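Asker: sequence first, then the predicted structure:
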Amino acid sequence: MKYLFLVSIAFLPMVVSAQTGTKKTTVPAQKTVFSTTWGNFRSATAPASFLKALIDSALRVSDNKGNKYEVESFEFTYRQKDEFTNDETGKREVLFRTVQHKAEGPLLPELWRNTIREKLKKDETLWFEKIIIKNKEGKRFLAPSLEIKVQ
């Protein structure tokens, strides 16, 4: 019993000193949140006339800290509305077809810009997806997609 008491007293300073250390507080790192715009446009719907004026604009990506990122590539999808007369019924019908292109850099190729400028109309949809961006150190990220419905 005497030995137990002596051993307890011998280890008491170690237990007390271990518990009196300073507690470190850590601030959690703020998660980087990216946002994608086409020119300065980031809404989900717009009239065809407004979008035709944007057609020569670049995709832009920034984060919640105000940093801007270089767009390396993206996939562009265009859901195009075609109206035609059915030869059998003689009635007007609507057909949607989807075309896609993988673009390098922040702009659509000139051929695509010209085609969309000529044909864009109500009820069509434009998607900018799989947007690969690069920071100043060369590290690549996947930016959020942008879907635009034409009013």
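Answerer: Nice, I can see it. Numbering: from 1, shown residues only.
Asker: now do the helices in this structure.
Answerer: Using DSSP state H, the helices of the chain run over 2-19, 48-54, 110-119.
Asker: and the first one, what's its mean pLDDT?
Answerer: For helix 2-19, the mean pLDDT works out to 50.
Asker: begin at 293 from here
Answerer: Noted, 293 is the first residue going forward, which turns the last one into helix 294-311.
Asker: what's the single longest strand in the chain?
Answerer: When the chain is parsed with DSSP state E, its longest strand is strand 360-377.
Asker: so which bits of that one are buried?
Answerer: 361, 363, 365, 366, 368, 369, 370, 371, 372, 373 (16 or more other Cβ atoms under 10 Å). (Glycine included, C-beta is placed from N, CA and C.)
Asker: going by distance to residue 427, which of those wins?
Answerer: Proximity of these to residue 427 was ranked by Cβ to Cβ; the top entry is residue 361 with 5.9 Å.
Asker: the nearest residue to that closest one once chain neighbours are set aside: what's it in contact with?
Answerer: Excluding the flanking residues, the one nearest residue 361 by Cβ to Cβ, 6 or more residues apart in numbering is residue 425, at 3.9 Å. For residue 425, the contact set (Cβ atoms under 8 Å, 6 or more residues apart in numbering) comprises 326, 353, 361, 362, 363, 364, 432, 433, 434, 435.
Asker: and which of those residues is nearest to residue 400?
Answerer: Using Cβ to Cβ, the contacts of residue 425 come closest to residue 400 at residue 363, 11.4 Å.
Asker: isn't the closest one up against residue 352?
Answerer: Yes. At 7.3 Å, residue 363 counts as touching residue 352 under the criterion of Cβ atoms under 8 Å.
Asker: re the thing from before, please compute how far the longest strand of the chain lies from its chain's middle.
Answerer: The chain centre lies 15 Å from the centre of strand 360-377; the measure is Cα atoms, centre = their mean, to the nearest Å.
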